[in-house]
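Chemist: sequence unknown, structure follows:
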């Protein structure tokens, strides 16, 4: 089976239609108004994978009260589609439930490690960071709905946990009952616990009488009946209407029309990408009729896709770290997809993480650049308070001038001689 096709959680995907084998897929992905305004990822996730023989898909709804519910939604969606695509078609519901339960348990340690390694932004307010740290302890959670359509066996098998809806329609567009289906929003899958609040729900039934299978998230609310019959334009209009409501939620919609590929559709020409010098990027000339492009990536232990909007100068810049093999495909609502282009290897090295993102570690001491002031380094004629105050020393005595003493003594002698003369000689 080809690897998994994924819709980007960081952007919104308008209603589109593409063809895989004899199946027409119509899908839409719209983030909530809050997520769009904040520029954050949507909590929902859509993935699918198929060829002429079978088709697997998953629609997941991350639990916003958990630690980054979008993380669990993407992890689980990719895992479910890849597993279903290669799964021998289950013979009965209990065999299917047991196999699914084993896989949900087996994926839990890997997801738990992914959650533990997921960084928390350093620039978040302290209260929000503390709340996320507490949420991390309980793990990331997601509800899911996944199915495998086997054209050769003429059957399909579905599984779910939560309140995402699976709907079936006949050739006249009338909805078929699923009387045994049970939807419980308490049920979900947890990166810490695996299946939570019960075993997954499963369904195995023939495709006879089924013309369309539909899966969608609960974001459509009371407008879900409008999905019975739709066009691409009506889907976009409905999404715009729901986006304007105060209760706006993520919207995920996937419709699979069986045996509906028109014979007159022609495939698009294959893109011819070229590597952008000194960058992990590709660019290519526009393909006539292409409405968007898909870049298929494989490497670092996973395979996924990224859609690129059509433009006068289409290009793709690798944002994931690591080395990937990349190929480009052109798509349109009104043409069969092109073949995949030649492959290119792109590599993106990770930037050094800021120190604040690491756990506390011993940091090598750096040389001190600020010197302690000393008496010699002080430019002003004051005594530094950081040095002992020098004790003033007495100045040396100057030599005594004896000539003055001699003159005084001579004067006294003369005076005494005069007094003696006048006293005794007269």
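Modeler: Right, received. Where do you want to start? Quick caveat, the model's predicted, so the values are computed rather than measured. Residues are numbered from 1 along each chain as shown.
Chemist: domains for the protein, by residue range?
Modeler: Per automatic domain parsing, the domain ranges recorded for the chain read 5-261, 266-357.
Chemist: The nearest residue to residue 68 once chain neighbours are set aside: neighbour count?
Modeler: Excluding the flanking residues, the one nearest residue 68 by CB to CB, 6 or more residues apart in numbering is residue 140, at 5.5 Å. For the C-beta atoms, the positions are set from N, CA and C on the backbone; glycine is no exception. Residues within reach of residue 140, counting by other CB atoms under 10 Å, total 28.
Chemist: correct me, but residue 140 touches residue 113?
Modeler: No. Assessed by CB atoms under 8 Å, residue 140 is found out of contact with residue 113, at 11.7 Å.
Chemist: what residues do those two have in common as contacts?
Modeler: With CB atoms under 8 Å, 6 or more residues apart in numbering applied, the contact sets of residue 140 and residue 113 do not overlap.
Chemist: picking up where we left off before, lowest-confidence stretch among the domains of the chain?
Modeler: Of all the domains of the chain, mean pLDDT reaches its minimum on domain 266-357 (a mean of 91).
Chemist: before we move on, the earlier item: hey, which of the domains of the chain is tucked in deepest?
Modeler: domain 5-261 (a mean of 18; mean count of other CB atoms under 10 Å).
Chemist: roughly how far is that domain from the heart of the chain?
Modeler: Distance of domain 5-261 from the chain centroid (CA atoms, centre = their mean, to the nearest Å) equals 18 Å.
Chemist: What is the biggest helix by length in the chain packed up against?
Modeler: Longest helix of the chain, by residue count under DSSP state H: helix 93-117. Secondary-structure packing of helix 93-117 (3 or more CB pairs under 8 Å, 6 or more residues apart in numbering; DSSP states H and E): helix 69-85, strand 155-161, strand 194-196, strand 201-206.
Chemist: can you give me the strands in the stretch 151-300 of the chain?
Modeler: 155-161, 165-169, 175-176, 188-190, 194-196, 201-206, 212-216, 251-257, 274-275, 281-283, 292-299 (DSSP state E, counting those that start in this stretch).
Chemist: one step back: possible to save the helices and strands packed on helix 93-117 as CSV with distance to residue 289?
Modeler: Output for the helices and strands packed on helix 93-117, formatted as CSV (distance: least, CB to CB, whole Å):
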stretch, distance to residue 289
helix 69-85, 28
strand 155-161, 32
strand 194-196, 45
strand 201-206, 37
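Chemist: Quick one, which of these gets closest to residue 310.
Modeler: Residue 310 lies closest to helix 69-85 among the helices and strands packed on helix 93-117, at 24.8 Å (CB to CB).
Chemist: Alright, calling it a day.
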